[in-house]
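Enquirer: Mind folding the following:
(chains A and B)
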Number of protein chains: 2
Amino acid sequence: MDLYTYYRSTSSYRVRIALALKGLDYRSLPVNLIADGGEHRAPAYRVLNPQGRVPTLRTEDGDLVIQSPAIIEYLEERYPLPPLLPTEPLARARVRSVAALIGCDIHPLHNVAVLQRLRALGLAEADVGAWIGHWIGEGFQAVEQLIGDQGFCFGEPGLADVYLLPQVYAARRFEVDLEPFAKIRRVEAHALAHAAFQAAHPSAQADCPA
Amino acid sequence: MDLYTYYRSTSSYRVRIALALKGLDYRSLPVNLIADGGEHRAPAYRVLNPQGRVPTLRTEDGDLVIQSPAIIEYLEERYPLPPLLPTEPLARARVRSVAALIGCDIHPLHNVAVLQRLRALGLAEADVGAWIGHWIGEGFQAVEQLIGDQGFCFGEPGLADVYLLPQVYAARRFEVDLEPFAKIRRVEAHALAHAAFQAAHPSAQADCPA
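Expert: Okay, the predicted model is just below:
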């Protein structure tokens, strides 16, 4: 498999964790979102991904899949072991609720395109920082009430962690105070010691600046 | 089942379509997002939904599920027929890509909370309107390339339509020009003539103003 990825892209990082947790080999193809106005906007990349965003997965059969939630569910269906989701529908829904909360109500509000647009509207850097902090803080308050008390979000590493860890990385990068979120910090500590999360981390990617 | 819903909430509307397509009975419990600063923010509702957003589903067993993507996947797993997704993993991924593109990269940028925050930052109404139009237009350009040429998004009604129709409703409400999106307008025409989409429409809800 090939993964078009950018080292600090939240949604690329999610897919890297899912691949690593399942022990799947893949080739990492970096797409620089910053240099020269962004390689993701170039026609050559848009042929692969009509939305012009990372990540894009090329499957073992050579088919292209876009959008991290769709890619991760595809990996779960095609390579079921080890599972990222429990087996019972209600338990699966509880895990997917946390993933969706992060994937829909936190991350989309501070991705590269959105921050560029806020700045283009004339927002001062302090307002942009407050905007990021607001959505991460409000979202993490809810996540803190939804996840469990031991280990990863729901015990063993799974889909909720695939979404949470990249969001925690972004929160630290944007200097959001994580002190109020004891459960989230516990999950972060578990992930920092786990080989799959280490392999997927932005700092371990070939396109991460030295 | 009970569904906590607001008539013109995009994510509530999605779940109503999924329930109607599967022919599932449920009780609709309106949550007014506008009156008195929003019933979704009240402590009595936050007990049900820690995030303070609609929709929330109370299952047949009395369990609560939040976040429309998680609710819809739960309904698909618990009540598989008629299916919202095809059977083959790649085909499922193609449908989920469209759902995720709308659910992550279009709708979250113009929900009630985000628009309130943009106005609080001092953005003029013209800038707020341009913001909404930008994200819907850019997203719909990609959707237009991803969906099929006949019937609903991928032929029979399914998950992509569950996401697309509420987004089209929002686009029309915000007066976004849909002229460039011939495939999306074709799907809209099919849905307007379909009983499940009619039953789920904001105008058919008890809490819709006369």
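
Enquirer: Which helix runs longest in chain A?
Expert: helix A:125-146 (DSSP state H).

Enquirer: mean confidence for that helix?
Expert: Helix A:125-146 comes out with an average pLDDT of 97.

Enquirer: Pull the residues that contact whichever helix or strand comes after that helix.
Expert: Downstream of helix A:125-146, the first helix or strand assigned by DSSP states H and E is helix A:159-173. Residues outside helix A:159-173 that contact it (Cβ atoms under 8 Å, 6 or more residues apart in numbering or on different chains) are A:8, A:10-11, A:13-14, A:17-18, A:21, A:72, A:76, A:84-85, A:95-96, A:98-99, A:102-103, A:106-107, A:110, A:136, A:139-140, A:143, A:147, A:152-154, A:178, A:184, A:187-188, A:191, A:197, A:201-202. All C-beta spots, glycine's among them, are computed from the backbone N, C-alpha and C.

Enquirer: leaving aside the residues next to it on the chain, what's closest to residue A:5?
Expert: Spatial nearest neighbour of residue A:5, chain neighbours left out: residue A:12 (4.0 Å); criterion: Cβ to Cβ, 6 or more residues apart in numbering or on different chains.

Enquirer: so the strand or helix carrying the one you found versus helix A:159-173, what angle?
Expert: The secondary structure element spanning residue A:12 is helix A:10-21 (assigned by DSSP H and E). Helix A:10-21 and helix A:159-173 are oriented at 130 degrees to each other (axes from the mean of the first three to the mean of the last three Cα atoms, to 10 degrees).

Enquirer: Spell out which residues make up each domain of chain A.
Expert: A:2-82, A:89-197 (automatic domain parsing).

Enquirer: what about the longest one, how long is it end to end?
Expert: For domain A:89-197, the separation between the terminal residues is 26 Å (Cα to Cα, to the nearest Å).

Enquirer: got it, and stretch A:120-127?
Expert: Stretch A:120-127: ends 13 Å apart by Cα to Cα.

Enquirer: Show residues contacting that stretch.
Expert: Taking Cβ under 8 Å, 6+ apart as the rule, stretch A:120-127 contacts A:118, A:131, B:121, B:123, B:127, B:131.

Enquirer: one more time with 7 Å
Expert: Outside stretch A:120-127, the residues within contact range by Cβ atoms under 7 Å, 6 or more residues apart in numbering or on different chains are B:121, B:123, B:127.

Enquirer: In PyMOL, select just the buried ones from those.
Expert: Burial among the contacts of stretch A:120-127 is assessed by 16 or more other Cβ atoms under 10 Å in any protein chain shown; the matching PyMOL selection reads:
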select buried, chain B and resi 121+123
